[in-house]
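S.K.: Predicted model and sequence below, questions to follow.
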Amino acid sequence: AHLTESGGGLVQAGGSLRLSCAASGLTFSVYAMGWFRQAPGKEREFVARVGRRNEYTTYADSVKGRFTISRDNAKNTAFLLMNILKPEDTAVYYCAADGGPLRTTDPDEYEYWGQGTQVTVSS
């Protein structure tokens, strides 16, 4: 299985970015998808999760109301739309796939990971 993130970059505070996660080598629709991020010197943290058929979404409190996670099973792709970006959102963003039955935010429960895409928000 392979997950490939794209869409990261440098943006000013208050701006927007849309990340994409293209999946291959797995049956995309049987996996819930999550986004995580890791800033320098910090642990990887949960950002958002979407169910197998877009039937639910879950967000970290720090991004609720600003970020939107979605997926397109026909295109084997998940998305993270990030609005009103803040300097504290600066991190490497990873997408991950979870085939388990629980709506977990624990990164250890996710089976497949992408290589990450850098998001930098300037003040």
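M.R.: Okay, I see it.

S.K.: quick one: secondary structure of the residue most central in space within the chain?
M.R.: For the chain, residue 35 is the residue whose C-alpha lies nearest the centre (Cα atoms, centre = their mean; 2.2 Å). When classified by DSSP: H, G, I helix; E, B strand; the rest coil, residue 35 comes out as strand.

S.K.: What's the local residue count around the nearest residue to it once chain neighbours are set aside?
M.R.: Spatially, and ignoring its direct neighbours in sequence, residue 35 is nearest to residue 47 (4.3 Å; Cβ to Cβ, 6 or more residues apart in numbering). Placement of C-beta: from N, CA and C, glycine included. Applying other Cβ atoms under 10 Å, we find 25 residues neighbouring residue 47.

S.K.: same question, residue 41
M.R.: 5.

S.K.: for the one 10 residues further on, same thing?
M.R.: Look at residue 51: counted by other Cβ under 10 Å, it has 15 neighbours.

S.K.: For residue 57, see how far away it is.
M.R.: From residue 51 across to residue 57, the span is 7 Å (Cβ to Cβ, to the nearest Å).

S.K.: swap in residue 109?
M.R.: Using Cβ to Cβ, residue 109 is found at 17 Å from residue 57.

S.K.: same thing with residue 40?
M.R.: 28 Å.

S.K.: For residue 1, give me its contacts.
M.R.: Under the criterion of Cβ atoms under 8 Å, 6 or more residues apart in numbering, the neighbours of residue 1 are 23-26, 97, 111-112.

S.K.: same question but for residue 102, I mixed them up
M.R.: By Cβ under 8 Å, 6+ apart, the residues touching residue 102 are residue 109.

S.K.: Surely residue 92 forms part of a helix?
M.R.: No - per three-state DSSP, residue 92 lies outside any helix segment and is strand.

S.K.: Check it and give its pLDDT.
M.R.: pLDDT for residue 92: 98.

S.K.: Setting the sequence-adjacent residues aside, check what's closest to it.
M.R.: That would be residue 116: by Cβ to Cβ, 6+ apart, it lies 4.2 Å from residue 92.
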